[in-house]
Every structure is written in structure tokens, then in C-alpha cells.
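**Q** The sequence and its predicted three-dimensional model are supplied below.
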2 protein chains.
Amino acid sequence: MKEAQYLLRPVGVVSSLLKSLEDCPKQGWEGAPDAWLEIDPLFADALDGLVVGSEIIVLTWLHESRRDLLKVHPRGDPDNPLRGVFATRSPDRPNPVGLHRVKILDMPKPCRLRVGPLEALNGTPIIDIKPMLDESEAL
Amino acid sequence: MKEAQYLLRPVGVVSSLLKSLEDCPKQGWEGAPDAWLEIDPLFADALDGLVVGSEIIVLTWLHESRRDLLKVHPRGDPDNPLRGVFATRSPDRPNPVGLHRVKILDMPKPCRLRVGPLEALNGTPIIDIKPMLDESEAL
């Protein structure tokens, strides 16, 4: 396969009060704030059908992560024994894709979505949005 | 940001009985078979801590998808009105990341994981594995 086929194209960016990694909670439900998804107008048509009040899965590219770590101390706590990154939610991993389940709180303009809670840093590239399908999926 | 930072590195590949897109169910729970995750031994350490019986989220790169479609007929049915791809689970999307919740059924060797159900095509690149955190997350 050609390398270009593996190249991600950011479709937007997170606008958040979280300005440094130290500010970020480990998970959305651990006190993360609401944030804006600013979608590139080139991709406006892809948003058609999303409505306020629905839950979505946002995939981000955790651009400040390390990609060369295969084991980490879970939650960054040196007292936790080293564990493989695929058995943790560490942002440090070979492909640092962030997975966030959030609710759409407002859409004042077609390409601006207010969502929450979101633990991603301000400026984090967005690579995909997916709808939650139904409760039975629980994903 | 440099382009290389957006380049995915496959960490393994799906080995499945599903050999063509026509064979693939739309979602895992719609009759998808069990399959193997064949992880590149370079990433063996990243698997440390995963155990048989646990549920994981597998992220794949749906390499046979179209990346230029912004609207699709949901479930490929022309009777369904066109909808933005971010409001569907279509594999056709700007960044065709597949999201699969599966159970680990067997790990006969460190880099071979039997999982299921998995609706991904044989040969689909794997880009990440994440643990489910707990039931309260429901993700």
C-alpha cells in the first residue's frame, strides 16, 4: 500500500479552555469541560444529520503524545507497574488516536459544535466523528 | 505540523474469513465471525496486560474505503436519503477509521489474539487497541 493512503487528513480542531497537558483530566467524566469542535468548512456536508442532544464519538489525533512508548505506568503514576499501552488509555501509543464519547450541546453555525465533556487539549486535530448507534451497542 | 506526524503506522492486520466487502456485515453484532488480530512482533510489549475474556476496542484502517464521499445513503440503501458521513457509520469517510468492540477469546501466542465478533475484512490494517474501562463508561 502506498504511504499516502495512511496519511490522516484533519477535518477540524478542538477549541477548549484546556491549554496545557497538565490541565487535562485523564478521562472526560473526570471533570473535563465542554469544548467546541471547529470543523473545516470543506467537510460541512459530512455533518448533515447531526443534531443537538445526540451523543457522538469524536476521534482526535493526540498530537502532543509520544509514539515510541510501548509500556507506561497507568495514569502516569510511577507506583503503578508498567503495562502495555494497548492495555491502557494512555495518550502515548504508536498511533495516538483519542476516543471521546460526548454529547452535542449546541450547533450555532453549521461547522461549530459545542460538545462535552471533552478532555482533549485546545488545538487537538479532529479526524472523525461517528454517531452512537443505540444503547444496545454501548459503544 | 509536519505531514509525517499524521502518518499512521499499522501495528498488525486482521485475519478473517471475510474475504470481500460483500461478505462483511454492517456491524459486528449482525452476524460477524470471530477473527484473528495478528500483531507485528515489534509491538508485542504493547499487548502486556491484555487477558482472555476482556473486552477491547480495536481501531482499524478501512483501507478499501472511499475518502472523497461526504454524504452517503445509510447502509448503502438508495431508498435511505443521503446523510453526512459523520452522522453514519459508513466506512466511506475522510479518515476511514473502523471502531470495533470485541471480546478477546484466545491468545495462543503473544502476538495472536482471537477476537469476536469482528466485521472487518481479511487484511484490514490494525492501528490501535484500547481496553474498555468499565461498564459505567459504556464505550
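**A** Yep, that arrived. Residues are numbered from 1 along each chain as shown, chains lettered A, B, ... in the order given.
**Q** how many other residues sit next to the spatially closest residue to A:Gly28 that is not a sequence neighbour?
**A** Leaving aside its sequence neighbours, A:Gly28 sits nearest to A:Pro117 (C-beta to C-beta, 6 or more residues apart in numbering or on different chains; 4.3 Å). Where C-beta positions appear, they are placed from N, C-alpha and C, glycine not excepted. If you count neighbours by other C-beta atoms under 10 Å in any protein chain shown, A:Pro117 ends up with 18.
**Q** Surely A:Glu22 forms part of a helix?
**A** Yes. Using DSSP: H, G, I helix; E, B strand; the rest coil, the assignment for A:Glu22 is a helix.
**Q** gap between it and A:Pro125?
**A** Distance of A:Glu22 to A:Pro125, computed by C-beta to C-beta, to the nearest Å: 20 Å.
**Q** quick one on the thing from earlier: report the contact partners of the residue nearest to A:Gly28.
**A** A:Pro117 sits next to A:28-29, A:31-34, A:102 when contact means C-beta atoms under 8 Å, 6 or more residues apart in numbering or on different chains.
**Q** orientation of the strand ranked longest in chain A relative to strand B:97-109 in degrees?
**A** Across chain A, the longest stretch assigned as strand under DSSP state E is strand A:97-109. Orientation check (axes from the mean of the first three to the mean of the last three C-alpha atoms, to 10 degrees): strand A:97-109 against strand B:97-109 gives 160 degrees.
**Q** Can you tell me what sits against strand A:97-109?
**A** A:28, A:34, A:50-62, A:91, A:113-120, A:124, A:127, A:132, B:57, B:59, B:97, B:99, B:127-128, B:130, B:137-139.
**Q** again, only using 7 Å
**A** With contacts defined as C-beta atoms under 7 Å, 6 or more residues apart in numbering or on different chains, strand A:97-109 is touched by A:28, A:34, A:50-62, A:91, A:113-118, A:120, B:57, B:59, B:97, B:127-128, B:130, B:139.
**Q** how about the nearest residue to A:Thr124, chain neighbours excluded?
**A** Closest to A:Thr124 by C-beta to C-beta, 6+ apart is A:Val14, at 4.3 Å.
**Q** If that neighbour is in a bridge, with which residues?
**A** A:Leu37 (DSSP bridges).
**Q** what's the span of stretch A:110-126 from first residue to last?
**A** 16 Å (C-alpha to C-alpha, to the nearest Å).
**Q** Revised request: answer the last question for stretch A:14-22.
**A** Across stretch A:14-22, first to last residue, C-alpha to C-alpha, it's 17 Å.
**Q** in chain A, which segments are predicted with low confidence?
**A** A:1-3, A:134-139 (pLDDT under 70).
**Q** what sits against A:Ser90?
**A** Contacts of A:Ser90 (C-beta under 7 Å, 6+ apart): A:Val72.
**Q** what's the distance between it and A:Arg67?
**A** On the measure of C-beta to C-beta, A:Ser90 and A:Arg67 end up 11 Å apart.
**Q** Quick check: A:Ala35 touching A:Lys19?
**A** No. Between A:Ala35 and A:Lys19 there is no contact under C-beta atoms under 7 Å: 11.6 Å.
**Q** Strands of chain A, residue ranges please.
**A** A:12-15, A:35-39, A:55-61, A:71-72, A:83-84, A:97-109, A:112-116, A:125-131.
**Q** Most neighbours among the contacts of A:Pro117, which one is it?
**A** Neighbour counts for these peak at A:Val102, which has 24 neighbours (criterion: other C-beta under 10 Å).
**Q** Look up how far chain B lies from that one.
**A** 10 Å (C-beta to the nearest C-beta, to the nearest Å).
**Q** What sits closest to that residue if chain neighbours are left out?
**A** Per C-beta to C-beta, 6+ apart, closest to A:Val102 is A:Val115, 4.1 Å.
**Q** So what sits opposite that neighbour in the bridge?
**A** When assigned by DSSP bridges, A:Val115 has beta-bridge partners A:Ala35, A:Ile104.
**Q** neighbours of A:Leu124, just the number please.
**A** Careful, residue A:124 is Thr; it's not Leu. 26.
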